[in-house]
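> Build me a model from this:
(2 chains)
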Amino acid sequence: MVRVVSRRLVQLSVTLIALMTLVFFWLRSLPGGPVDALLGERATPQTREALIRALGYDQPIHVQYGHFLKNVVTGNFGNSIRTGEPVTDVISRAFPATIELALAAIIIAVGLGIPLGYLAARHRGRLLDNATIVVTLIGISIPIFFLGYLLKDWLTQGVHLFPPSGRISTGADNTDVTGFFVLDGILTREWDASADALWHLVLPAVTLATIPLAIIVRITRASVLDVLDEDYIRTADAKGLRNATIRKRHVLRNGLLPVVTTIGLQTGALLAGAVLTEKVYNWGGLGTLITDSISGSRDYPVLQALILLAAVVFIVVNLVVDLSYAFIDPRVRVQ
Amino acid sequence: MRAPRTAIAAGVIAALTIGVAGCAESDRDNGEDQGNASGGTFVFAGAGDPKNFDPIFNDDGESFRPIRQMYETLVTHKPGTAELTGGLAESWSNDPTGKVWTFKLRQGVKFHDGTALDATAVCANFDRWYNMKGEAAQSQMIYYADVFGGFAGSPDAVYDNCKAQDASTAVVTMTKYKGAFPGAFALTAFSIASPAAIKQYDADTVTQNGDSFSYSAFATEHPTGTGAFTYGGWNKATGEITLNRNADYWGEKAKVDKVIIKVIKDENTRKQELRAGTVQAIDFPAPADRKALADEGYEVLERPAFNILYLGINQKNNPKLKDLRVRQAIAYALNRAQLVQTKGPGGSVVADQFLPDTVLGYAPDVQKYDYSVDKAKALLSEAGATGLTLNFYYPTEVSRPYMPNPQEIFTVLANDLQAAGIKVNGVPRPWNGGFKDDVQQFGKQDLHILGWTGDYNDPGNFVGTFFGRPKVEFGDDAMTEMFTAIGKADATVDQAAKRTAFEQVNRDLAAKWLPAVPIWHAPPAIVTTKEVEGLVPSPLTAEEFDTVSITK
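Residues are numbered from 1 along each chain as shown, chains lettered A, B, ... in the order given. Predicted structure coming up:
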């Protein structure tokens, strides 16, 4: 296992360097750039030139690339071009917001998805099964953007069941310990802050959960159906095992393997930032950061670090998924 | 085997949680703070993050919004107008050459750090700007470079020196007269900051790190001005900037205890927060929402127009466009009245010149081009320009106060031009991804839409910005007559003579030069709940929150 992990780590660093190189050149080949985004309409040509020189954009691209590589290798990701804050600060502020949201969404998706998919499979062809198929189809096909606004219009306007946006009430004097507002409330025993943060989390998490939920339901259903048809289930049944034992030990354990892969991939996608959900709910996580940095200010340092982070998250999540196979099914030995 | 593993995991997590919980302390003051005075909290939803809080390093409205509450300028505007009035200076005057400006300062004004605002402090600010070192810092001083020409050692520098004649008299001497003054003294970028704080928090140090900068503690944590509010922090995780009432303010003190500026970038979400009652005012509502919100009982405060949207004409690529008659035909072809009605935000008006009527030099009698397809067609055939095809560049991924919906504006204008027999080849370009480069650097377009929001009450800030010097955007560096006339008008010291000169410039722009077609003045609005009183919308989007009160 140590060997597997270390080999993966080598693969990881090669992938990352290649990716960073690509991103570096790709960003700079786009029309426009941070200079124009920063200067606005009032800058004189002299100011423009001064800024280009100060940012080092007057140097040949390979020189810029050299600086960039050197900085990345030494762990210096630079500062946000817009606010001047270190990129690591910007990202470590946004990351907890995204993790909080993604975790909540995955908990909803898994918590509802696996039981629903399992039940649908057990009642194949009956009302529950058909209803599940229809509902999940809607779940997959409804645009997040639309659903977000719809939920907000129903539940935050007129009837104020939930707040329309944000992670906590405006002006809340919660104590920021870890950046995870729900957890912070628990740690500092500011229970009201925790409850407030949870209350703000409901709608975005539900919105974000719809697609993974639908996918998990469908994969679970299909996978459980496959397993139910297997000979070993018949054998288990024939040798007189109790139904509950068959379900727990044979159906679920075998049926869950593809589901775990799906959950892993979905989590990876959510952690890299849920652009649309975050925009609709003014969430302030990585998704917001990535849209702001690309369409707003062409904030190269932030963008580069974000893409690197997204890649790392994906690769790590995949690794964890692979390793978790061994725990679910002892027959699978990590090679 | 299974159960123990789960149990161990649970145990570890529990232990960790308890361990961390042991360390975490609540920051709360147990409800003792902000108790009694209770003017309440005013929550205002802005549309974007500020950059930092050092006035001189900023140039955008979202940064200026909080800055304006904390700092003050020598000269300011009467609430709700673009008219100049005394700010930190009770009065000001200039000598006949327009080079020497004398400011009589208000007495008893203190910065938030307790130091006094006097002539020495004012001069320290001017000297600081002029002597700023390093391209990193200088390149962030966009308004300074624009108004004051250059820094110490530059032959273009407009600033010469500042002398404290006595404690309350500051005399600023320029190397030459500039039309921007006195209006430009009211620019938020030229707010007066505490010299002690500037020094203590190392304000001038803009540090370079790779291809980016970082700002000083003064700009990020310790902004120190004289304004009616003091800095209360910027919570970046929640996007909230807190401003506290300055109990030692020299003038009438703020009515609310606290202002929270909440950044909500999505206009639809701003509206929903307003309706949910979680914010009390929102900036830049979608034009389409204004009426609905007004019907629901919200106050829609329209700012007096101080901007312009124009259809720019580049004379370089298509020789036909050098012909005034062709440009006039374009002007006649546009049904601007209808455009204002169908696509303009509430309160928009058709523009017949490039500045609003509140600005010095506005001429009521310029040549107007009322919609007439026949006149357009006649002029085109007279000029031998029938069957003209033009590349019309318009921006995407952007919404500006003067241009909330560029794509729709383009569609309407293009249809009008087609109806007059001009073929339009529409070229969409992302605002930050090619539009500004293509239009202002490379001049690829024949036509384009663009606009401007004024900074201060000066015609040079409008027509001078667009047409005062050769610009790629309009593709003609041969309109020397126009540049000379504007330059001369701008250099006129006497205000009455300046007015006359600019009135003539505006007449000639419409009748003789027509380098672009003015489209509309479209005021952006603020929407507030009924509880909010005393918020005065400013044409310069320079609202001050000290007059705001919340009624329950």
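
> All the strands of the stretch 51-200 of chain A, in order from the start?
Read by DSSP state E, counting those that start in this stretch, the stretch 51-200 of chain A holds no strands at all.

> pLDDT below threshold where in it?
Counting by pLDDT under 70, the stretch 51-200 of chain A contains no low-confidence residues.

> Need the nearest residue in space to the most centrally placed residue in chain B, chain neighbours excluded.
Nearest to the mean C-alpha position of chain B, by Cα atoms, centre = their mean, lies residue B:61 at 4.7 Å. Taking Cβ to Cβ, 6 or more residues apart in numbering or on different chains, and ignoring the residues beside it in sequence, residue B:61 has residue B:541 as its nearest neighbour in space, at 5.5 Å. Every C-beta, even on glycine, is put in place using the N, C-alpha and C of the backbone.

> Repeat that for residue B:94.
Residue B:94 sits nearest to residue B:101 (Cβ to Cβ, 6+ apart), 5.1 Å away.

> for residue A:96, same thing?
Ranked by Cβ to Cβ, 6+ apart and with sequence neighbours excluded, the top spatial neighbour of residue A:96 is residue A:179, at 3.2 Å.

> cool, residue B:25 as well?
residue A:188 is the one closest to residue B:25 (Cβ to Cβ, 6+ apart), at 6.6 Å.

> how about whichever residue of the stretch 251-400 of chain B sits closest to chain A, secondary structure?
The nearest approach of the stretch 251-400 of chain B to chain A comes at residue B:272, 4.0 Å away (Cβ to the nearest Cβ). Secondary structure for residue B:272, judged by DSSP: H, G, I helix; E, B strand; the rest coil, is helix.

> now do residue B:104
Applying three-state DSSP: residue B:104 is strand.

> residues in contact with it?
B:89, B:90, B:91, B:92, B:168, B:169 (Cβ atoms under 8 Å, 6 or more residues apart in numbering or on different chains).

> Does residue 202 lie in a helix or a strand, and which?
As the question left the chain open, I've gone with chain A. helix A:191-228 (DSSP states H and E).

> Just the buried residues of that helix, please?
Of the residues in helix A:191-228, A:193-194, A:196-198, A:200-225, A:227-228 count as buried by neighbour count, 16 or more other Cβ atoms under 10 Å in any protein chain shown.

> Quick check: which helices or strands does it pack against?
Applying 3 or more Cβ pairs under 8 Å, 6 or more residues apart in numbering or on different chains; DSSP states H and E, one finds that helix A:191-228 contacts helix A:87-122, helix A:127-141, helix A:144-155, helix A:181-187, helix A:253-271, helix A:275-280.

> any chance of the ones you listed in CSV, with mean neighbour count too?
Putting these into CSV (neighbours: other Cβ atoms under 10 Å in any protein chain shown) gives the following:
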stretch, mean neighbour count
helix A:87-122, 20
helix A:127-141, 14
helix A:144-155, 18
helix A:181-187, 22
helix A:253-271, 20
helix A:275-280, 23
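
> Turn these into TSV, including distance to residue B:410.
Formatted as TSV, the helices and strands packed on helix A:191-228 follow (distance: least, Cβ to Cβ, whole Å):
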stretch	distance to residue B:410
helix A:87-122	35
helix A:127-141	32
helix A:144-155	24
helix A:181-187	43
helix A:253-271	36
helix A:275-280	25
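
> rewinding a little: next one: phi and psi at the residue nearest to residue B:61?
phi 50, psi 40 (degrees, to the nearest 10).

> For it, give its distance to residue A:229.
According to Cβ to Cβ, to the nearest Å, residue B:541 and residue A:229 sit 68 Å apart.

> More neighbours: these two, which one.
More crowded of residue B:541 and residue A:229, by other Cβ atoms under 10 Å in any protein chain shown: residue B:541, with 21 against 9.

> Identify the residues contacting that one.
Contacts of residue B:541 by Cβ under 8 Å, 6+ apart are B:61, B:283, B:303, B:401, B:453, B:524.

> Buried residues, stretch B:309-322. List them.
Going by 16+ other Cβ under 10 Å, stretch B:309-322 has these buried residues: B:309, B:310, B:311, B:312, B:313, B:314, B:315, B:316, B:318, B:320, B:321.

> Can you tell me which of these lies closest to residue B:426?
Nearest to residue B:426, judged by Cβ to Cβ, of the buried residues of stretch B:309-322 is residue B:311 at 13.1 Å.

> What strands line up against the host helix or strand of the closest one, and which way round?
Per DSSP H and E, residue B:311 falls inside strand B:307-313. Note on strand B:307-313: by DSSP bridges, its sheet partners are strand B:447-453 (antiparallel), strand B:516-521 (antiparallel).

> pull the CA atoms of stretch B:408-419 into CSV?
C-alpha atoms of stretch B:408-419 as CSV (Å, rounded to 0.1, in the frame of the first residue of the first chain):
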residue,chain,number,x,y,z
GLU,B,408,-29.8,44.2,-26.4
ILE,B,409,-28.6,47.8,-27.1
PHE,B,410,-26.5,46.5,-30.0
THR,B,411,-29.5,44.5,-31.5
VAL,B,412,-31.7,47.6,-31.5
LEU,B,413,-29.1,49.9,-33.0
ALA,B,414,-28.1,47.3,-35.6
ASN,B,415,-31.7,46.9,-36.7
ASP,B,416,-32.0,50.7,-37.0
LEU,B,417,-28.9,50.9,-39.2
GLN,B,418,-30.0,48.0,-41.4
ALA,B,419,-33.4,49.7,-41.9
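
> pLDDT below threshold where in the stretch 51-200 of chain B?
Going by pLDDT under 70, which is the cut-off in play, the stretch 51-200 of chain B has no low-confidence ranges.
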